Structures are given as structure tokens and as C-alpha cells.
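Colleague: Below: sequence and its predicted model.
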Amino acid sequence: MILKEKIRALISKFPLLNQEEIEILVEKTVVDQFKKGTLLLKEGQIPMHCYMVVEGCVREYLIKEGDEKSTAFFMEGDTFTPHLPDSKPSMHYWECAEDCILTISNGSFEEEIRAALPRLDAVFQKIAIEKINRAKEEWSQFITSSPEERYLNLLETKPQLLNRIPQHQIASYLGMKPQSLSRIRKRLATKKH
């Protein structure tokens, strides 16, 4: 029952949904648990599922020249879907960075939900546009920021990530080596005192 309440609270944050629509979504939502380290998607696989994080954290990364490069972290309330709608093999991995509880959907589930709730197309479109705009803003900020500014932005926007994810993965996400991140943190700590 507590799990349904968490899902209800997360779904309630989506714009435009009324209470009846929220309840239908809560009842039809498929939920599963995954252990830390579970790979939900591997490079080369065709992505078949969309997810929303109820509890935990999922890391998205790719491997370049033998090194893992973290490209995103998804935490409670975040949705993540295949980047390519035309069923091309993925370039990314999705790995549970913690034990996770996730909602899972696929194309047939979405068709069933859209049939039950025709207004969902407008909701999904609005969510997709917001995600695209947010991603564009984040990318613009990332490429115009120094490594220290990127770290400070992460402290401001996702401070909980720093206690949940290993520092080498944070450094990769920020586009730097772990040693550089350590120097930045030390310099900022010295400034504070």
C-alpha cells in the first residue's frame, strides 16, 4: 500500500491529470524491484521499456575507449525512455546505481493507457517538450561552464546525488577526472574556512 501511495504522489506531479486519471494510472502501473548493479539496458540492445524511478537511482553511461562515461542519473520521480523512437540499438547502458523500485512500461502498455485515457497524448507531449527544453538548457550550461562551475551547479541542483554515487562516476558525469574533482572540492572547502 505504501508503494501505491508513492506512485500516486509521483504521478500526481505530472501536469494536466485529474484525480480519476491518476487513479487509473496508479492501478495499471507495473512496478518491479531491481538490485544495485542490475543492467536494464546494454549497448547494442534495442530498448523496449520506459521507466520511472519510484525509489533508488539509475545511472546512464556509455563506454568510450574502454572508459565508462556517465551521461545521466535518474532519481525518484525521473522518467527515462529510449532516446531513439525507431528501435535502433542503444549506445548507452542503464544500470541501477542503488537498489531500485521502478515502474515499467512498453509500447503495448502505453497503447492500453492511451485507449483508457485519450487525453494522455497531450500530457505525454507536454512532458516530452519540457524534457527536451530542460536537456537543451543543461547542455548549454554544461558546455559554457568551467569544471568548478559544473560542480557548483550539481551541488545546487542535485545535492543528494553526491551522497549516493561514487565520486569517480560524479567526476565522469561532470566531464573531468576524479583527481580534478578532488582538487575542486578541496579548494572550495578551503575557501569556506
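Modeller: On my side now, so go ahead.

Colleague: For the chain, which segments count as helices?
Modeller: Along the chain, counting by DSSP state H, helices occupy 2-12, 19-28, 107-116, 120-143, 147-157, 167-173, 178-192.

Colleague: Averaging pLDDT per element, find the lowest-scoring helix or strand in this structure.
Modeller: The helix or strand of the chain with the lowest confidence, counting by mean pLDDT, DSSP states H and E, is helix 107-116 at a mean of 79.

Colleague: Just the CA trace of that one, in CSV.
Modeller: Taking Å, rounded to 0.1, in the frame of the first residue of the first chain, the C-alpha atoms of helix 107-116 are listed here in CSV:
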residue,chain,number,x,y,z
GLY,A,107,4.5,0.2,-26.3
SER,A,108,1.5,-2.1,-25.7
PHE,A,109,1.1,-0.8,-22.2
GLU,A,110,1.1,2.8,-23.5
GLU,A,111,-1.5,1.9,-26.2
GLU,A,112,-3.7,0.4,-23.5
ILE,A,113,-3.3,3.5,-21.3
ARG,A,114,-3.9,5.9,-24.2
ALA,A,115,-7.1,4.0,-25.1
ALA,A,116,-8.3,4.3,-21.5
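
Colleague: Run the chain-centre distance for it.
Modeller: 22 Å (Cα atoms, centre = their mean, to the nearest Å).

Colleague: Tell me the bridge partners for the most centrally placed residue in the chain.
Modeller: Closest residue to the average C-alpha location of the chain: Phe74 at 2.4 Å, with Cα atoms, centre = their mean. On the basis of DSSP bridges, Phe74 is bridged to Val58.

Colleague: ok, it touching Glu60?
Modeller: Yes. Counting by Cβ atoms under 8 Å, Phe74 does reach Glu60; the two are 7.2 Å apart. Just so you know, the C-beta spots here come from the backbone N, C-alpha and C atoms, and that holds for glycine as well.

Colleague: can you count the residues close to Ala115?
Modeller: Counted with other Cβ atoms under 10 Å, the neighbours of Ala115 add up to 9.

Colleague: in stretch 115-129, what's buried?
Modeller: Buried residues in stretch 115-129, counted by 16 or more other Cβ atoms under 10 Å: 117, 120, 123, 127.
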